[in-house]
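Visitor: Okay, structure incoming, though there's no sequence with it:
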């Protein structure tokens, strides 16, 4: 097996680069350092950076399909076995400033027993947790352990986002119970976030299941077991997403029903008002014709008496509607 020296990463413009020490810590990669199973290299790159892009395209460490995977447009979570290594694409919640969490961030990994090459463009906050653990001496001890920690950190962040969406859904349900209609587009946005997260987390769960079942030489039985537990936890999150999506459909129907009821009540009240003023409308229309012989035409109190009669008719008709339980 060809020896991998730290000098091969020269000019990669890595966001973060280290050599795992096999004890949970890390150290900087020196040019003369060599990658071994107990002390693998990790290079974390921005694939939009020109120096990193050129290094990926020109390095002899990576086969062509891996280079395309680290730089390509594919964003759907997947795993591709390449000899003793694997090319893995994952998605994480976007916690960057001025960004919606459902605009998920793509994270690509090539990993084998001795090296880890990861690439992304937008920052992934869950990666910071893995880096902090390495700096504090409580991080990954091997490439398999590193992959498990990455999967766990991303799944934790996804689970937190699912909880946020669930809390938002509960608030909507409470508002509906109080006959409050949510703002325009709020429920649509929540439903979209749920559907987008469901779309990408389902194949990501399948990636974790495959990694747990694949007999990769750099993953031990304990790491495969933990990976299966992470996949199970993500499956429970997907079940929650399915339930939330169904509940948003019920909420949408309830909002439509509330708006229809409100419109029906308004229409009903206007119809009743029209009925109350129907006799007075008839009389005013009748007495409004400019023809001779209209009663009270010569009587100076005729208009006042006519208005009094109209008022009495309105009161009597309103009383009749109330007695008939129409009002």
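Guide: That came through fine. Quick caveat, the model's predicted, so the values are computed rather than measured. Numbers count the residues shown, from 1 in each chain.
Visitor: only C-alpha atoms for contact and neighbour calcs from this point on.
Guide: OK.
Visitor: Just the buried positions in stretch 116-134, please.
Guide: Across stretch 116-134, burial judged by 16 or more other C-alpha atoms under 10 Å covers 116-120, 122-127, 129-131, 133-134.
Visitor: Which of those fall in helices?
Guide: Of the buried residues of stretch 116-134, the ones assigned to helices by DSSP state H are 125-127, 129-131, 133-134.
Visitor: between the residues you listed, which is closest to residue 223?
Guide: residue 130 (16.0 Å; C-alpha to C-alpha).
Visitor: Would you agree residue 11 falls within a strand?
Guide: No - applying DSSP: H, G, I helix; E, B strand; the rest coil, one finds residue 11 to be coil, outside a strand.
Visitor: which ones are touching it?
Guide: The neighbourhood of residue 11, defined by C-alpha atoms under 8 Å, 6 or more residues apart in numbering, consists of 51-52, 55.
Visitor: Kindly state the domain boundaries assigned to the chain.
Guide: Here the domain assignment for the chain is 4-257, 289-324, based on the TED database.
Visitor: low-scoring stretches of the stretch 51-200 of the chain, by residue?
Guide: 74 (pLDDT under 70).
Visitor: for it, what spans make up the strands?
Guide: For the stretch 51-200 of the chain, the strands defined by DSSP state E, counting those that start in this stretch cover 78-82, 85-92, 105-111, 115-120.
Visitor: Please convert those strands to a markdown table, extending it with distance to residue 162.
Guide: Listed next are the strands of the stretch 51-200 of the chain as a markdown table, based on distance: least, C-alpha to C-alpha, whole Å:
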| stretch | distance to residue 162 |
| --- | --- |
| strand 78-82 | 21 |
| strand 85-92 | 12 |
| strand 105-111 | 16 |
| strand 115-120 | 23 |
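Visitor: of all the ones you listed, which lies closest to residue 203?
Guide: Evaluated with C-alpha to C-alpha, the strands of the stretch 51-200 of the chain place strand 78-82 nearest to residue 203, the distance being 7.0 Å.
Visitor: how far off strand 105-111 does the closest one point, in degrees?
Guide: 20 degrees (axes from the mean of the first three to the mean of the last three C-alpha atoms, to 10 degrees).
Visitor: and strand 78-82, which residues are buried?
Guide: Neighbour-count burial for strand 78-82 [16+ other C-alpha under 10 Å]: 78-79.
Visitor: unless I'm mixing things up, residue 244 is touching residue 167, no?
Guide: No - using C-alpha atoms under 8 Å, residue 244 is not in contact with residue 167, being 10.3 Å away.
Visitor: Neighbour count for those two, which is higher?
Guide: Using other C-alpha atoms under 10 Å, the more surrounded residue of residue 244 and residue 167 is residue 244, with 21 against 12.
Visitor: which residues of the stretch 151-300 of the chain fall in helices?
Guide: 186-213, 221-276, 278-287 (DSSP state H, counting those that start in this stretch).
Visitor: Next secondary structure after the last one?
Guide: In other words, helix 278-287. On the C-terminal side of helix 278-287, the closest following helix or strand by DSSP states H and E is helix 302-323.
Visitor: Pull out the buried residues from that following helix.
Guide: Buried residues in helix 302-323, counted by 16+ other C-alpha under 10 Å: 306, 310, 313-314, 317-318.
Visitor: Ok, stretch 244-251 next?
Guide: So, applying 16+ other C-alpha under 10 Å, buried residues of stretch 244-251: 244-245, 247-248, 251.
Visitor: Isn't residue 86 up against residue 112?
Guide: Yes - using C-alpha under 8 Å, residue 86 is in contact with residue 112, at 6.6 Å.
Visitor: Same drill for these two, tell me which one is more crowded.
Guide: Taking residue 86 and residue 112 together and counting by other C-alpha under 10 Å, residue 112 has the greater number of neighbours (22 against 18).
Visitor: ok, now which ones touch that one?
Guide: Residues near residue 112 by C-alpha under 8 Å, 6+ apart: 84-86, 143, 218.
Visitor: From residue 82, how far out is residue 152?
Guide: In this view, residue 152 and residue 82 are 23 Å apart by C-alpha to C-alpha, to the nearest Å.
Visitor: Same question for residue 29.
Guide: For residue 29, the distance to residue 82 equals 25 Å [C-alpha to C-alpha].
Visitor: Please indicate which of the contacts of residue 112 are buried?
Guide: Of those, these count as buried by 16+ other C-alpha under 10 Å: 85-86, 143, 218.
Visitor: quick one: which two of those residues are the most distant?
Guide: Greatest spatial distance among those (C-alpha to C-alpha): 86 and 143, at 11.4 Å.
Visitor: what touches both of these two?
Guide: Common neighbours of residue 86 and residue 143 (C-alpha under 8 Å, 6+ apart) are 111-112.
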